[in-house]
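Asker: Give me the fold of what follows.
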Amino acid sequence: MTVRFVRNVRFVCDIMQLQNILGLRAFGKGRVLMRFTAAELRGLIRAGRVSEFYNSWEWRRLSKEVIAAGHNECAECSKAGRYSPAVLVHHVRHLKDAPELAYDRGNLIPLCFDCHERIHGRGIYAERKGYRNEEKW
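Answerer: Numbering: from 1, shown residues only. Next up, the predicted model:
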């Protein structure tokens, strides 16, 4: 196996060797490496350990590539004619519903934090539950 060390301690080797070293699987045309299969992702979802997927270096690398491909701009804000920088990548079909699309670039869009919270209905966009009394005593 030929592994050469270059600047910043990154190694250069054949894609098949890299897969063997790290136990990864190639996705698509060998451009995206994925650590988790759809079955493994379903197991992580059931166990409540989805953070292992989102903290993997494969996901972080892919999300940076998706944000860069979107010119570091939020897709939802740009539709509305506004500009805000994208900081997150959103699965159009959610990870828990379609884990087989976890690494599919067609299922990923760059979003700003505010738009991501609005799409998921979290934070200030969360639907208020419980009794609301308009009277002020």
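Asker: Check the gap between N72 and D97 for me.
Answerer: 27 Å (Cβ to Cβ, to the nearest Å). Bear in mind the C-beta positions are built from the backbone N, C-alpha and C, glycine included.
Asker: Between these two, tell me which one has more neighbours.
Answerer: N72 (13 against 9; other Cβ atoms under 10 Å).
Asker: is it true that that one touches A86?
Answerer: Yes - when contacts are counted by Cβ atoms under 8 Å, N72 is listed as touching A86 (5.8 Å).
Asker: Overlap in contacts, those two.
Answerer: The contact sets of N72 and A86 overlap at P110 (Cβ atoms under 8 Å, 6 or more residues apart in numbering).
Asker: quick one: low-confidence ranges for the protein?
Answerer: By pLDDT under 70, the low-scoring segments of the chain are 1-33, 130-137.
Asker: how about the helices in it?
Answerer: 15-22, 38-47, 51-54, 57-69, 75-79, 113-120 (DSSP state H).
Asker: Count the residues that sit near the residue nearest to N107 when sequence neighbours are not counted.
Answerer: Spatial nearest neighbour of N107, chain neighbours left out: L101 (4.2 Å); criterion: Cβ to Cβ, 6 or more residues apart in numbering. By the criterion of other Cβ under 10 Å, L101 has 17 neighbours.
Asker: before we move on, what about V50?
Answerer: For V50, the count of nearby residues is 15 (other Cβ under 10 Å).
Asker: Look up how far C77 lies from it.
Answerer: 26 Å.
Asker: in stretch 65-75, what counts as buried?
Answerer: Residues of stretch 65-75 classed as buried: 66-67, 70, 73-75 (neighbour count, 16 or more other Cβ atoms under 10 Å).
Asker: Which residues does that stretch contact?
Answerer: Defining contact as Cβ under 8 Å, 6+ apart, one finds that stretch 65-75 is touched by 83-87, 89, 105, 108-112, 115.
Asker: May I have the phi/psi pair for G70?
Answerer: phi -90, psi 20 (degrees, to the nearest 10).
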